[in-house]
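1. everything below, folded, please.
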Amino acid sequence: MHDAEHQSAFGEYLVEQYLASGQFGLVFRVSKVEDGTKAEFAVKWLKADASSRGRIRFKNELWALTQLNHPAIPKIIGSGIQGGAERPYIVMTLAPGRSLQKIYDEDYKNHGPMSPGKVLRIVKVLLDALAHAHARGIYHRDVKPDNVVVTDSIGDVTLVDFGVCKGNEQPEDAKTFAYVGASRFSPPSKLRYANETHETHDVFAVGVLAYLLLTNSFPWSVAENVSAGRLADLMEDAGPVRISDSYVSKEISDYFLYLMDISDARRPSANIALERLEVLLTKQPGLAPYGRKPIQYPRVIRDPVHGDIVMTEFERTLIDTPEFQRLRWLKQLGTSHLVYPGAEHTRFSHAIGTMHVASKILTRIEQRTRERFDAEEHLMARTYALVHDVSQIPFGHTLEDELQIFPRHDHNEKRIRQLVMRDDSRLGKLLHSTSFGKAVLAMLDVNSVAKATTWVAELVEASYGADVIDYVDRDAFYCGLDHRIDSAIYRNFAVSTRADDISQREYLVAHLFGRHGVRLDARYALESILRERYALFMKVYTHPVKVAAGAMIGKAVSQAMTNPEHANFADAIVNMSDDGLLQFLKGESDFCVEMAKRIVERRLYRPAFRGRILPDHKAKVANYEARRSDFEKMGLLSPEGRAKTEKEIAKHAGLDNSDEVIFYCAGKAPGLKKLIQRIKNAPGPIEIQDEAHEVNRSIYRAHINLWTMYVFIPPEKGQGIADHVANIVQSMFGIKNEVTEKQRQLVWPF
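-> Reported below is the predicted structural model:
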């Protein structure tokens, strides 16, 4: 440990953290910056007191990793010498996650076994990695939970520590007459003849590992101090997994007995074991995780949209943190209440509703398919759904998505760190206190790949996920609109793997077929999400009055941020409510004061110009991308560019002050985002439908058609000035003004 505590770097690799100490090496997490990007790696460094045998094993590990190239085995990045000529180090890719031993001890040993679905994912990756190594004449010989690193969602599995491996062409043969690796994971032949190697020994270890995870016990019950030879004598064929866990099917139970056969001759190679597992997974689609302990929901919140929403004590504690309570004071729809008086609901209620919808989706999957999720998985999904919007700010969609004054809340690294990652965050501390909470923290981390490796993020954020289902139903309800998502969508979901994915990553999938082919009602339910979402964008989120109020707030905030005294405004706004931001503006420039008063009194600027940037016949993806690129180059999508455009319009219109002109052009078409719908129209492979697919294409183009440019002026200005401004803008951008006399009467001032 002394050496570990005093290392700051290995060559150009800076030490970030000491990770572990093995039999002959110390392991560190290190980083290196290249082209402005920080990358992290692992370094294994030979111990100062390593024996000659330890040095041989270190050399053999470097040799083995150089020969292997598999996603579940670390890759060599470099090597060097530090602390004297006799102390080499190896730089390798960093295995994400925790050791399986640590996960077992912290999450499963005292809370019930791991689910078959998770275990099979681990086993499949391990067998694939071992088959790769065995094909190159390299045998690991020490497969055990300490040497398997996995992420909490089992999205990544890595086999580490090839220190005691054996191979046909290894530099030196490290004799192992007295060392067999972990005895409990060794078959009788290896226990009796430690220096001999058989390709199925690694397979046996995988079987024992799986047995332990599924039953919380080893296949053979012996005292801890029993010698290796005595253990070999006591070994008999293991009892079926089903004796300890009746939830495990006979087929799965028999499969692991096959891996743990005490005879080297009868036991399969890694390749054959993998092939048999593939067949097993194909024949049993219901091998998703099966829940063990029932989750207790002693808390209840009454919600006008969903009725009773139940919660765990932990979830209630999360809700009661200051970081979450701040969502009570942020309206979900910003300034839409100026149009729809009932739209006073908050991001607080939406977050709780999203948690409920996510849980409802999982429950319906369990009811319909007999698939079961670990309590850990269910709690992780509920928790992520609950806190996914915690980094929102007042009028967030206007200031972030539309006007791009701030980065999006879920990509704002500084804000997320301020609210969740800092040591003084009560929400962050609570999340860090549980294994599933740590997984959620990783998903919130902008720099982490955790979100991209788990179906939980899709469950919440997919185009048919819990977030959109709740906000469409909730926003329609509070606006008094009859736009609801077809609830049949709940019975179409499943969590499935892709057959060609070695990692066995799972995805949220919509099953659109029944016994007699594709179900039209299932397809309609999926389409209803996109259609009803578009309807809300058309009627609510892009209503001219809502846009006018948002544009006024955006210009006032942009102007306030030019004040040198507000260099940290991006940090300060996190602690403001909607009303708090308006109150803040009342203490700024005369213009900011005027904007805040007008919002409160609903004396809004009026649209002198309103024009669709790409009308129907031009609303195509290629045209959209080209126009957006042009606008970015012109600076029209940035606060500075908008201010410059406002000055130019005011000058040509003969207005004394550019504060009398507000130019509005959203950074992207309202509601337009990349669509990835994973569906199954029949049993078999997952099909991906994007924005170019049939009905999606028309909805996608409809969103492009909502992309609108506005120029607002004070209502006190006469119609002559409004017409003059409209002509100027129409001339500047070649976009037709759609504000007619009839529209002025119908749309304004409602």
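
2. buried stuff in stretch 304-320?
-> By 16 or more other C-beta atoms under 10 Å, the buried positions in stretch 304-320 come out as Val305, His306, Ile309, Met311, Thr312, Phe314, Glu315, Thr317, Leu318, Ile319. (C-beta placed from N, C-alpha, C; glycine too.)

3. go ahead and confirm the second one touches Thr354.
-> No: because the distance of 10.4 Å does not satisfy C-beta atoms under 8 Å, His306 is recorded as not touching Thr354.

4. among the buried residues of stretch 304-320, which are located in helices?
-> Using DSSP state H, the members of these that fall within helices are Phe314, Glu315, Thr317, Leu318, Ile319.

5. got these as JSON lines, with pLDDT and distance to Leu536 columns?
-> Listed next are these as JSON lines, based on pLDDT from 0 to 100; distance: C-beta to C-beta, whole Å:
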{"residue": "Phe314", "pLDDT": "94", "distance to Leu536": "33"}
{"residue": "Glu315", "pLDDT": "96", "distance to Leu536": "28"}
{"residue": "Thr317", "pLDDT": "96", "distance to Leu536": "33"}
{"residue": "Leu318", "pLDDT": "97", "distance to Leu536": "28"}
{"residue": "Ile319", "pLDDT": "97", "distance to Leu536": "26"}
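
6. among the residues you listed, give me the pair with the biggest separation.
-> Taking every pair in these and measuring C-beta to C-beta, the maximum separation is 9.9 Å, between Phe314 and Ile319.

7. now for these two: what residues contact both?
-> Taking C-beta atoms under 8 Å, 6 or more residues apart in numbering as the contact criterion, Phe314 and Ile319 have no common neighbours.

8. neighbours of Tyr717, just the number please.
-> Not quite, residue 717 is Lys, not Tyr. Using other C-beta atoms under 10 Å, Lys717 is surrounded by 18 other residues.

9. do a quick rundown of the strands in the stretch 551-700 of the chain.
-> Assigned by DSSP state E, counting those that start in this stretch, the stretch 551-700 of the chain shows strands spanning 606-612, 662-665, 677-680, 687-689.

10. nearest to Gly334, out of the ones you listed?
-> strand 662-665 (14.0 Å).

11. what is the distance between the closest one and the centre of its chain?
-> Distance of strand 662-665 from its chain centroid, counting by C-alpha atoms, centre = their mean, to the nearest Å, is 34 Å.

12. tell me the strands beside that strand, with direction?
-> With DSSP bridges as the test, strand 662-665 is paired with strand 708-713 (antiparallel).

13. let's see the partner strand as PDB, backbone CA atoms only.
-> Only the C-alpha atoms of strand 708-713 are listed here, as PDB (Å, rounded to 0.1, in the frame of the first residue of the first chain):
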ATOM      1  CA  THR A 708     -41.300  29.100 -37.400                       C
ATOM      2  CA  MET A 709     -39.600  32.500 -37.400                       C
ATOM      3  CA  TYR A 710     -41.200  35.300 -35.400                       C
ATOM      4  CA  VAL A 711     -40.500  39.000 -34.900                       C
ATOM      5  CA  PHE A 712     -42.400  40.500 -32.000                       C
ATOM      6  CA  ILE A 713     -42.900  44.200 -31.200                       C
END
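
14. contacting residues around it?
-> With C-beta under 8 Å, 6+ apart as the test, strand 708-713 has contacts from 542, 544, 547-548, 551-552, 604-613, 649, 660-666, 721-722, 725-726, 729, 733, 735.

15. could you tell me the angle between it and strand 606-612?
-> Angle of strand 708-713 versus strand 606-612, following axes from the mean of the first three to the mean of the last three C-alpha atoms, to 10 degrees, is 160 degrees.

16. buried sites along the helix or strand that comes right after strand 708-713?
-> Note on strand 708-713: by DSSP states H and E, the next helix or strand toward the C-terminus is helix 719-733. For helix 719-733, burial by neighbour count (16+ other C-beta under 10 Å) applies to Ile721, Ala722, His724, Val725, Ala726, Ile728, Val729, Phe733.

17. could you name the helices and strands sitting against helix 719-733?
-> Helices and strands touching helix 719-733, as assessed by 3 or more C-beta pairs under 8 Å, 6 or more residues apart in numbering; DSSP states H and E, comprise strand 606-612, helix 639-653, strand 708-713.

18. and these as TSV, adding distance to Gln418, mean neighbour count and mean pLDDT?
-> Output for the helices and strands packed on helix 719-733, formatted as TSV (distance: least, C-beta to C-beta, whole Å; neighbours: other C-beta atoms under 10 Å; pLDDT from 0 to 100):
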stretch	distance to Gln418	mean neighbour count	mean pLDDT
strand 606-612	36	23	95
helix 639-653	22	18	94
strand 708-713	33	23	96
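
19. quick one on the thing from earlier: out of the strands of the stretch 551-700 of the chain, which is closest to Val472?
-> Taking the strands of the stretch 551-700 of the chain one by one with C-beta to C-beta, strand 677-680 is closest: 15.8 Å.

20. give me the sheet partners of the closest one and which way each runs.
-> Partner strands and pairing direction for strand 677-680 (DSSP bridges) are strand 506-511 (parallel), strand 687-689 (antiparallel).

21. turn these into JSON lines, columns for mean pLDDT.
-> Listed next are these as JSON lines, based on pLDDT from 0 to 100:
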{"stretch": "strand 506-511", "mean pLDDT": "84"}
{"stretch": "strand 687-689", "mean pLDDT": "82"}
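
22. deepest-packed of those, please.
-> Of all those, strand 506-511 carries the top mean neighbour count, a mean of 22, counting by mean count of other C-beta atoms under 10 Å.

23. need the CA coordinates for that strand. CSV is fine.
-> Coordinates of each C-alpha in strand 506-511 appear next as CSV, following Å, rounded to 0.1, in the frame of the first residue of the first chain:
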residue,chain,number,x,y,z
GLU,A,506,-31.2,-5.7,-23.7
TYR,A,507,-33.5,-3.1,-25.4
LEU,A,508,-37.0,-1.9,-24.8
VAL,A,509,-39.0,-3.4,-27.7
ALA,A,510,-42.6,-3.0,-28.9
HIS,A,511,-44.1,-6.3,-29.9
